[in-house]
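Visitor: Quick one, what's the 3D model for this:
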Amino acid sequence: MMSDREVPDQVYFPAEDSYLLLRAALREVRPTDRVLEVGTGSGYVAAGLLGRAAAVVATDINPHAVECARARGVATVRTDLFAGLSGPFDLILFNPPYLPTLPEERIDDWLEYALDGGPTGRAAIERFVADAGRVLSPFGRVLLLVSSLTDPGAVRELFAREGFVSFIVDEEALEGETLYVLRAMRDLCRMGL
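Guide: Next comes the predicted model:
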């Protein structure tokens, strides 16, 4: 198993956002869940759920991250978000790149995929929310980490437009921002259930 000290510099190192997402996931996960962590990075969060769910798998676009997560014992697929996956998954986790980044601020390396949220900080989040329902089981849940820099209200509106209800289940204030974990699930009233 890989330790945090062995994470290469091209892979996002576990930090406060990782710890917050894992804390929320440990409260949310059920023994029967099929869990998918999108953009797993070092695999820290997914590895923390091994043995607590029926299955835990992960994805990342960064080949160095895929290698790290596999070294932690996590079954990991190299893909963009969940392209090519069919599910269904009962719990989907995502700590997206959420830093607002202008084109001239890009650093153009593998770590960029973990940090660059586009001009609003929501570029990857928008793509994730638009496609999450395709791989989520009917009564599945999503845990998405967002920052005050990303406008959590705007992210909740993205979920609402896709037929999900969402609310904040955990938060942590840091210097210059507050991190939130949003829990989203299909709006059963809109589905007629």
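Visitor: Let me see the ranges of the helices in this structure.
Guide: Listed in chain order, the helices of the chain (DSSP state H) span residues 16-28, 44-49, 63-71, 112-115, 123-135, 152-161.
Visitor: hang on, residue 12 packs against residue 43?
Guide: No - taking CB atoms under 8 Å as the contact criterion, residue 12 and residue 43 are not neighbours in contact, 10.4 Å apart. From N, CA and C alone the C-beta is placed, and that goes for glycine too.
Visitor: between these two, what contacts are shared?
Guide: When contacts are counted by CB atoms under 8 Å, 6 or more residues apart in numbering, the set common to residue 12 and residue 43 consists of residue 65.
Visitor: from memory residue 17 sits against residue 145, does it?
Guide: Yes - applying CB under 8 Å as the test, residue 17 and residue 145 come out as touching, 5.4 Å apart.
Visitor: Identify the contacts common to those two.
Guide: With the criterion set as CB under 8 Å, 6+ apart, the overlap between the contacts of residue 17 and residue 145 is 95, 179.
Visitor: Which of residue 12 and residue 43 has more residues huddled nearby?
Guide: Neighbour tally, residue 12 and residue 43, criterion other CB atoms under 10 Å: the higher count belongs to residue 43, 29 against 24.
Visitor: For the more buried one, give me the pLDDT.
Guide: The confidence metric pLDDT takes the value 95 at residue 43.
Visitor: Apart from its chain neighbours, what residue comes closest to it?
Guide: Taking CB to CB, 6 or more residues apart in numbering, and ignoring the residues beside it in sequence, residue 43 has residue 69 as its nearest neighbour in space, at 2.9 Å.
Visitor: For that neighbour, give its distance to residue 141.
Guide: Look at residue 69 and residue 141: by CB to CB, to the nearest Å, they are 21 Å apart.
Visitor: Quick check on those two: which one has the bigger neighbour count.
Guide: When residue 69 and residue 141 are compared on other CB under 10 Å, the one with more neighbours turns out to be residue 69, at 30 against 21.
Visitor: ok, the more buried one touching residue 42?
Guide: Yes - contact between residue 69 and residue 42 holds when scored by CB under 8 Å: they sit 6.7 Å apart.
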